[in-house]
Structures are given as C-alpha cells and as structure tokens.
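In: Only the shape, not the letters, is given here:
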C-alpha cells in the first residue's frame, strides 16, 4: 500500500493531507508515493530524523533559514518528464534546458542552506557540473539560450546576420539554426550522465518539502512522536483531528481517550452515540499515520507495526458496487480471513459486524469471527450491540453520566453527558440505552410507550 491508496481507504487521512503545507508539485507527488513501512527499525530511523528536524524547527536561531528554505522549495518544479526525455537520449529543447538549469541552480542554493543548518540526513548531491554546462557565462541567472560562448563559429554567424543583405540573411539564419541544433545535441550528451543524479536530487528535495510540511503540522495539530513496540499497542489521549475540528466549530470539545490493543481480539460494547465508530476510525488513522512516518494525534503512542490494516465500517461504500450492505461486508471479512490465513500480520477493526442481517445469524457471525481471531492471535477491535459469551477481552464505553445540574438534556447537549472512555468488563450483556436516547432526543411519546410495552414482553 502506498500513501495514495491509504487516502482512499482510511477515513480522516485526506483531511490530514489537506492541512499539509507542501509547497511544490514534486513534494505532493512524493507524498502520494510514500510506502507503508512495516519494519520497526526503518520506522525508528525515520522518526529519529524527524526529531532532529523538529528540534531545528523549534530553534529560534534557525527560523529565518527555514523561511528562506520554504521560499526556495515553493520554486521547485517537477522536472521528471524532462529528465526522462534526457535519459531516453532525446535532444533537449530550450525550454527543457532552461528547466534543468533552473533546477540545478535552485538545488545548489537549497543545498547550501541545508548544510548551513546541518541537516545532514538530507543528502543532496552537488550539481555544479550541470550548472557549468548550461551557464558558460558564469552569471548564475535562471535563464537559458544558446550562448555565443558555446561556439566561436556561432559568434561569427550572428555578427554576419546584422551585416548581411536580405538575400544572404536567409542562408546565414539557416546555418545558424543548424549550428544551434548541433550545440543542443552536444549539451544534451554532456548532461545525460548527470540525469540519474538529478533524479536523486529531485526526490530528495521533494522529501525535504514533505518533511518540513509534516514538521509544521506537528505544531498546528498538536501531534506526538510515536514509539514502536513488538508487544502491545498503547495509545494515550488519542483524538480524531477532523472530528475534533467539527466539534470545535459547534463549541464542543473532543473527549480524548486511551486504548491498548494486545495480541488478541477485543470486543467493545456501548450505547448508540457512545463513539465506538469514531474510536475505530481514530485507531486506524493513528496506525496509518505512524507507519507512513507521521506524528500522531495522541498524547503518546506505542505502536506495533503491522503489514495490513483492515477496517470495515460501512461509510456508504456498499451502494456503489451493486451489492447489499451485508454482502459487501462479508466480502471485506473474507478478504481479512484470507490474508490472515496466509500469515499477514494484520490489525483488524470491525464496526458492528453483521448488523445488517437478522440478530440470530448476526450474533453467530460475530462469534464465528471472534473464534477465528482468537485462534490466530490477531490484534483486533470489534464493536457490537450483540451479547457475546465467548471468553475474549471485553471493553465497554462508560456511556451516560448522570446530570448534576438543572440543565435539561436534549439532542443539542447530549454529548456533554456521555463519557467516551473505556473500561474493562466481564459482563456479557450489552448496554440497553436505546430507549433513553430516543427519549432525550425527543422521539414521539406514542411510539416510545408502544416500544416499552413490547420490551416488557
């Protein structure tokens, strides 16, 4: 999985990307191609470098240098297609030669700033040889044409043009154009051995652009550096940035919660509106961000890297494929099972498994899936409204808090009276708070009374 694919699969990641201040098209392209890292040592190396960059970012002595660096990166163009043409032995035209010269001058300027700031973990080779090929006048100006310095013969021909009669001028112009094309061919041949190095420089500048944007986002979103473990995932005070922002727009606060995920499935119960779906999406987002080298929305996080994140949360993805919600969900479950049987190290997150079928069969499906996950020791979180009697770890969202004020609870303030934190439970019965919620949000009394009558039966 690369980052582009993850954006399509993990809710909230697109929001994070939208807030990244990446300054160049090359940086944006680099971000989308980032690989999903699964090895603890390679992740730790990336975050060690991120910590060094973040320390520089917070240093008042380097703030001006960062500002200059950001301005330079905003001038970076993605010249991948030009470099590809060069490697394919094409003759560069003046526009392509200008692109290469501008790029080489810019990269060397950024390289100098990088070295002054001692950002040694960004390896940007010197492109002085490329600059000398394209800048025979040594003026270091981001402009290109076929200079007289390339050929004394060209110099003489250009002088003759100004002195020639109209009948001779056409012949001289033809000879001049022919000579200029030969010079472009010679320049292209001289540049070709540097094409691979320039591609490496482009990639490293794009990486620098992305890393600066990620560092800036640490501050703006109050993110934390994750640590990595081979035992349990433990996340403290996690939050979902997109949901937190939406709540803040309504004058509400996101309640941060803690969770740990051992090597066994965990069943999570709680009333409707208890935040179970957001919980799973937040865990998926944090795991994904960490394994792509991002700081995470939590006070602290110890993450066990996995090879694949499976999340089944509905989100309206079923209507587009012509299958029922239940059929689509079962196909996603089957994909999880198939991968786990092949030995894939997975994190499984399932929101209200089998909720769209009848309760008898739905409960049996949940038990069957739990039994499989227990047997295979899969890190997993499954939310449900079914009463499950299997011997597995169980958590419950604490739920409603009794009001100690005279404030009337209604649909506008109900979230203020829900405790979203999790607690261990051995109770096999799920919370029965649906009627209470319906009453609070103002469902018609006639329906409520009829419902309570059937509930007693």
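Out: Here it is on my side, so go on. All values reported here derive from a predicted model rather than from experimental measurement.

In: State the next helix or strand along the chain beyond the helix or strand in which residue 209 is found.
Out: Element membership for residue 209 (DSSP states H and E) is helix 195-220. Downstream of helix 195-220, the first helix or strand assigned by DSSP H and E is strand 227-228.

In: And the contacts of that next one?
Out: 40, 43, 44, 290, 300, 301, 302, 303, 304, 305 (Cβ atoms under 8 Å, 6 or more residues apart in numbering). Yep, even glycine has a C-beta here, placed from its N, CA and C like the rest.

In: Using PyMOL, make a named selection holding only the buried ones among the residues you listed.
Out: To isolate the buried members of the contacts of strand 227-228 in PyMOL, using 16 or more other Cβ atoms under 10 Å:
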select buried, resi 43+290+301+302+303+304+305
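
In: Let me have the contacts of strand 227-228 in TSV, extended by secondary structure, distance to residue 280 and pLDDT.
Out: Below are those laid out as TSV (DSSP: H, G, I helix; E, B strand; the rest coil; distance: Cβ to Cβ, whole Å; pLDDT from 0 to 100):
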residue	secondary structure	distance to residue 280	pLDDT
40	helix	24	95
43	helix	22	96
44	helix	26	95
290	helix	16	98
300	strand	20	97
301	strand	16	97
302	strand	19	97
303	strand	16	97
304	coil	17	97
305	coil	19	97
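
In: Tell me the one among the contacts of strand 227-228 nearest to residue 28.
Out: residue 290 (21.3 Å; Cβ to Cβ).

In: Would you format the contacts of strand 227-228 as JSON lines with distance to residue 18 included?
Out: Compiled in JSON lines, the contacts of strand 227-228 are given as follows (distance: Cβ to Cβ, whole Å):
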{"residue": "40", "distance to residue 18": "30"}
{"residue": "43", "distance to residue 18": "24"}
{"residue": "44", "distance to residue 18": "28"}
{"residue": "290", "distance to residue 18": "19"}
{"residue": "300", "distance to residue 18": "25"}
{"residue": "301", "distance to residue 18": "22"}
{"residue": "302", "distance to residue 18": "28"}
{"residue": "303", "distance to residue 18": "24"}
{"residue": "304", "distance to residue 18": "28"}
{"residue": "305", "distance to residue 18": "26"}
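
In: circling back: can you give me the buried ones in the helix holding residue 209?
Out: Buried, per 16+ other Cβ under 10 Å, within helix 195-220: 195, 198-199, 201-202, 204-218.

In: With stretch 231-239 instead?
Out: 233, 234, 235, 238, 239.

In: Next, the contact list for residue 15, please.
Out: 241, 242, 245.

In: quick one: which of those sit in helices?
Out: 241, 242, 245 (DSSP state H).

In: which stretches of the stretch 1-150 of the chain form strands?
Out: In the stretch 1-150 of the chain, no strands are defined using DSSP state E, counting those that start in this stretch.

In: re the thing from before, report all helices and strands that the helix holding residue 209 contacts.
Out: helix 25-32, helix 40-57, helix 63-73, helix 80-87, helix 94-116 (3 or more Cβ pairs under 8 Å, 6 or more residues apart in numbering; DSSP states H and E).

In: about what we covered before: which of the ones in helices among the contacts of residue 15 are buried, as a PyMOL select command?
Out: Selection of buried members from those for PyMOL, criterion 16+ other Cβ under 10 Å:
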select buried, resi 241+242
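
In: Is it possible to get CSV of the ones in helices among the contacts of residue 15 that adds pLDDT?
Out: Formatted as CSV, the ones in helices among the contacts of residue 15 follow (pLDDT from 0 to 100):
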residue, pLDDT
241, 96
242, 95
245, 94
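
In: circling back: with secondary structure as new columns, can the buried residues of stretch 231-239 be given to me in TSV?
Out: Shown next, in TSV, are the buried residues of stretch 231-239 (DSSP: H, G, I helix; E, B strand; the rest coil):
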residue	secondary structure
233	strand
234	strand
235	strand
238	strand
239	coil
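
In: Could I get those in JSON lines, plus columns for pLDDT?
Out: Listed next are the buried residues of stretch 231-239 as JSON lines, based on pLDDT from 0 to 100:
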{"residue": "233", "pLDDT": "96"}
{"residue": "234", "pLDDT": "97"}
{"residue": "235", "pLDDT": "97"}
{"residue": "238", "pLDDT": "97"}
{"residue": "239", "pLDDT": "96"}
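
In: and of those, the nearest to residue 222?
Out: Checking the buried residues of stretch 231-239 one by one against residue 222 (Cβ to Cβ), the nearest turns out to be residue 239, at 8.6 Å.
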